[in-house]
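S.K.: What follows is a predicted protein model with its sequence.
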Amino acid sequence: MTTPLPGGASGRYDVLGPLDTDYYAVFADIPAADRDVWQRTRAFVDEVGDRMRDAWDTAEYPLDIARRFGELDLLNDGIDHPRLTRFSPLAAGLVNMEISRGDGSLGTVLAVQGGLALRTLALFGSDEQQERWLTPIARFEVPAAFALTEPDHGSDSVSLETVARRDGDEWVIRGAKKWIGNGASGGITFVWARVDAEGDEHHGNVRCFLVEQDRPGYTGTVIAGKASLRGIHQAHIAFDDVRVPADAVLPGTKTFKDASTVLYATRSGVAWSALGHATACYETALQYAQQRVQFGKPLARFQMVQERLAHMLEDLTAMQLYCRRLADLETAGGLRPTQASLAKFHNTRAARRVAATARDLLGGNGILLENGVMQHMADIEAIHTYEGTESVQALLLGRDITGVSAFA
């Protein structure tokens, strides 16, 4: 999405669009097939950009745009499954990057619908569950949610309190979830709950259950008052003895480690998403500096401005290198979960710095939504937190490099 730079006393500024900043030629050798996916994604971002900016401003969730996302077959997030179009890890990363360069709420649609929900079904669902739901989720014909986080359990989600109790041929689910994207959008929810069934081999373990949102007892309430990711709805979900059939459980899920497997796989996507946000902020600041005239000359001619742009480019280039290396490691089959954690840890922190510098460089115009930077800055705050906060990533890394766990 390209946004208008603000007109000043000397008139309007030219809108140059994406600059494809790549100082170290990190993406110069992208295969043609991956570049085609990237360009398809960019065309989609340009198609819906103005509407998504309005949706962010009004805190509305345009489901028709999400469906268009699915129609273009861009929600697969690199998942390897015979029923899905296969994207290379690099192509999947570029989709994440380009979507978030345009709009962070759409980036979260991808993270939730593809990265979390679709991946959960593809990895752990039965043949029957996949036959019924895989394609509709991939095409966003059915909104899908991944319900793990609870009101009292975010970073310590392993301690979740939602319970699935066996009652004859049914499961009865009781509890609550919070911050669940698509959780009140009229589709299905993959609910992680602790099994309470004496005599069951999985008693006390965490498993995943496929729950249709129109089930009696399921109440999804859109969370109001967000100052980030305002173009997608997240929900507080209450499960008041929601009954689902015995085959609603995803048979491949046995313990909480299965939920962790999904989260590990999506942390690379968050690193790419942070890169997209930072790219938008840097390129907007550069264009603004080249055109905004103050004290008789463009901002770009001031030493302090050039130094700030250099610092931003330093962070941006490092983020690109992290992401490209992640894709190469995953392609070779050698990506470890903590390597994805390090990229997420670095890139969201770096994106915060880039966004803050860009907002400052634009002066008062930096707070205008039409220039994008303030929106990206707010959305970065969300991706910095979700799918593992900075502190959690640091502890995962610390455990890996020291061999000692510092978790409670």
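M.R.: Done, it's in.

S.K.: all helices of the stretch 151-300 of the chain, in order?
M.R.: Secondary structure of the stretch 151-300 of the chain (DSSP state H, counting those that start in this stretch): helices at 256-291.

S.K.: Strands along that one, start to end?
M.R.: With DSSP state E, counting those that start in this stretch as the criterion, the stretch 151-300 of the chain has strands at 163-167, 170-181, 188-196, 206-212, 218-222, 234-245, 293-294, 297-298.

S.K.: correct me, but residue 331 touches residue 92?
M.R.: No. The criterion here is C-beta atoms under 8 Å, and residue 331 misses it with residue 92 at 10.6 Å. C-beta: built from backbone N, CA, C; applies to glycine.

S.K.: between those two, who's got more neighbours?
M.R.: residue 92 (26 against 13; other C-beta atoms under 10 Å).

S.K.: between the strands of the stretch 151-300 of the chain, which gets nearest to residue 327?
M.R.: strand 170-181 (24.4 Å; C-beta to C-beta).

S.K.: Could you tell me which strands sit next to the closest one in the sheet, and their orientation?
M.R.: strand 163-167 (antiparallel), strand 234-245 (antiparallel) (DSSP bridges).

S.K.: next SSE after the helix or strand where residue 323 lies?
M.R.: Residue 323 belongs to helix 303-331 when assigned by DSSP states H and E. Next helix or strand after helix 303-331 toward the C-terminus (DSSP H and E): helix 337-361.

S.K.: how big is the angle separating that following helix from helix 256-291?
M.R.: 30 degrees (axes from the mean of the first three to the mean of the last three C-alpha atoms, to 10 degrees).

S.K.: Next, the buried residues of helix 337-361.
M.R.: 338-359, 361 (16 or more other C-beta atoms under 10 Å).

S.K.: Output the contacting helices and strands for that helix.
M.R.: helix 256-291, helix 303-331, helix 373-385, helix 390-402 (3 or more C-beta pairs under 8 Å, 6 or more residues apart in numbering; DSSP states H and E).

S.K.: pLDDT averaged over the second one - what is it?
M.R.: When pLDDT is averaged over helix 303-331, the result is 98.

S.K.: How about the last one?
M.R.: Taken as a whole, helix 390-402 has a mean pLDDT of 93.

S.K.: neighbouring contacts of that helix?
M.R.: With contact meaning C-beta atoms under 8 Å, 6 or more residues apart in numbering, helix 390-402 is reached by 155, 267, 337-338, 341-342, 344-345, 348-349, 384, 388, 404-407.

S.K.: Can you list the low-confidence ranges for this protein?
M.R.: For the chain, applying pLDDT under 70 flags the ranges 1-16, 408.

S.K.: Who are the contact partners of the residue of the chain positioned farthest from its centre?
M.R.: Going by C-alpha atoms, centre = their mean, the residue of the chain most distant from its centre is residue 296, 42.4 Å out. By C-beta under 8 Å, 6+ apart, residue 296 lies in contact with nothing.

S.K.: separation between it and residue 96?
M.R.: Per C-beta to C-beta, to the nearest Å, residue 296 is found 42 Å from residue 96.

S.K.: and if you look at residue 321?
M.R.: Taking C-beta to C-beta, one finds residue 321 at 16 Å from residue 96.

S.K.: between the two, which one's more packed in?
M.R.: Taking other C-beta under 10 Å, residue 321 and residue 96 do not tie; residue 96 has more neighbours (29 against 14).

S.K.: what kind of secondary structure is the more buried one in?
M.R.: helix (DSSP: H, G, I helix; E, B strand; the rest coil).

S.K.: Might one say that it is in contact with residue 110?
M.R.: Yes. Contact criterion C-beta under 8 Å: residue 96 and residue 110 qualify, at 6.4 Å.
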